[in-house]
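In: Predicted coordinates and the sequence they were generated for:
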Amino acid sequence: MLSSRLEFIDCPLCGASSTKTWGTENGFECVRCTRCELVYVNPRPSLAEISHANEIGEHRSGAEALNVVYKRSRRKARRYASTIRTVFPDVLASSKPVTWLDVGAGFGELVEVLQSMLPAGSRVTGVEPMASKVAAAQKIGLPVYQKDLSQITERFDFISLINVFAHIPDFHDFLGRLRPLLREKGELFVETGNGGDLPSMKEYPDLLYLPDHLVFAGEGHLRAFLAEAGFSIIATHTVRIDTAMHFGKTLVKKAIGRKVKLAMPYQSRFRRVLVRARLNAPTG
Ligand SMILES: [Zn+2]
């Protein structure tokens, strides 16, 4: 039986313990580190509880359980295809096959997109902690597996982490576990929001989904995590999401009774941040 006891932590990036409040939701508090300004949930559920929640897709919280299973999304596949065209034009233009691991593959949307876009002979694999998503992906023939990183023996040219960052309690440790899975000069692709660049949750364009999301980085925080783990940034792209179309979609969701956050378009400093980074050559 897992307990619902919360743990107080120091800043996952710089280790400082001095914070101020950034936002609250679902009975959880997000704080901002007064030294490096990273935003993170504190106190947070225990590591065992976080890991269990990621497997079943449900987080217990003060008021009610937060269900984060969602559905397989066709729109997501279209967005991923556009992202890959933006960030990896050279890989797509080349005829050289590559190996690619998508971590946090969900229903396998990116795996499927990459299978259709990467050069012929490329091999794409996904790993995902949530059993129901893995089963759904496998049912339609996608190579998505419920594996821990420690169970993977292969090495890859590319590893992608799309909307994974915010779920990881210790990203520094996580990058250390990914590094051995990359080939020499292998690349990492990270996509996350820049919540940590916003002065408070008021400017965040969506619900925070606490405690499914545990850490909100800014662009600089993401660079710092990557540099510290031995990666060099190749390219960064930022994409705004608070468009008129996003506003329209949010209105529709509100009309059908979904819990949403409604904010005027083109006001927020929130961006999706896409970072492509290369593993540094071993020193010495
Ligand atoms: Zn800090």
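Out: It's in. Numbering: from 1, shown residues only.
In: Tell me the residues on the stretch 1-150 of the chain that lie near the ion, please.
Out: Cys11, Leu13, Cys14, Ala16, Cys33, Arg35, Cys36, Leu38 (C-beta under 5 Å from the ion). C-betas here are computed from N, CA, C, even on glycine.
In: If you rank those by neighbours, which is first?
Out: Leu38 (26 neighbours; other C-beta atoms under 10 Å).
In: Now for the spatially closest residue to that one that is not a sequence neighbour: which residues touch it?
Out: The shortest distance from Leu38 to any non-neighbouring residue, by C-beta to C-beta, 6 or more residues apart in numbering, is to Leu13 (4.5 Å). Residues near Leu13 by C-beta atoms under 8 Å, 6 or more residues apart in numbering: Cys33, Cys36, Leu38, Phe171, His172, Ala217, His221, Ala224, Phe225.
In: Excluding chain neighbours, give the residue nearest to the residue in the stretch 51-200 of the chain positioned nearest to the ion in space.
Out: Proximity of the stretch 51-200 of the chain to the ion (C-beta to the ion) peaks at Gly196, 10.0 Å away. In space, Gly196 comes closest to Gly218 once its chain neighbours are excluded; the distance is 3.7 Å by C-beta to C-beta, 6+ apart.
In: so what's that neighbour up against?
Out: With contacts defined as C-beta under 8 Å, 6+ apart, the neighbours of Gly218 are Glu37, Leu38, Asn194, Gly195, Gly196, Asp197.
In: you'd agree the first one is up against Gly196?
Out: Yes. Contact criterion C-beta atoms under 8 Å: Glu37 and Gly196 qualify, at 6.6 Å.
In: More neighbours: which of these two?
Out: Comparing Glu37 with Gly196 by other C-beta under 10 Å, the one with more neighbours is Gly196, at 26 against 18.
In: Now the common contact residues for Glu37 and Gly196.
Out: Residues touching both Glu37 and Gly196 (C-beta under 8 Å, 6+ apart): Gly218, His221.
In: if we can go back for a sec, adding pLDDT, distance to Val127 and secondary structure, write the residues of the stretch 1-150 of the chain next to the ion out as TSV.
Out: Output for those, formatted as TSV (pLDDT from 0 to 100; distance: C-beta to C-beta, whole Å; DSSP: H, G, I helix; E, B strand; the rest coil):
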residue	pLDDT	distance to Val127	secondary structure
Cys11	97	28	coil
Leu13	96	25	coil
Cys14	97	29	coil
Ala16	98	32	coil
Cys33	98	30	strand
Arg35	97	34	coil
Cys36	97	30	coil
Leu38	97	26	coil
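In: Pick the one among those residues closest to Arg183.
Out: Leu13 (27.3 Å; C-beta to C-beta).
In: Next one: that closest one from Leu222, what distance?
Out: 10 Å (C-beta to C-beta, to the nearest Å).
In: Which parts of the stretch 51-200 of the chain are helices?
Out: 74-87, 89-93, 109-117, 131-139, 171-178 (DSSP state H, counting those that start in this stretch).
In: of all those, which lies closest to Val273?
Out: Nearest of the helices of the stretch 51-200 of the chain (C-beta to C-beta): helix 74-87, 11.3 Å.
In: so what secondary structure elements neighbour that closest one?
Out: helix 109-117, strand 231-240, strand 271-279 (3 or more C-beta pairs under 8 Å, 6 or more residues apart in numbering; DSSP states H and E).
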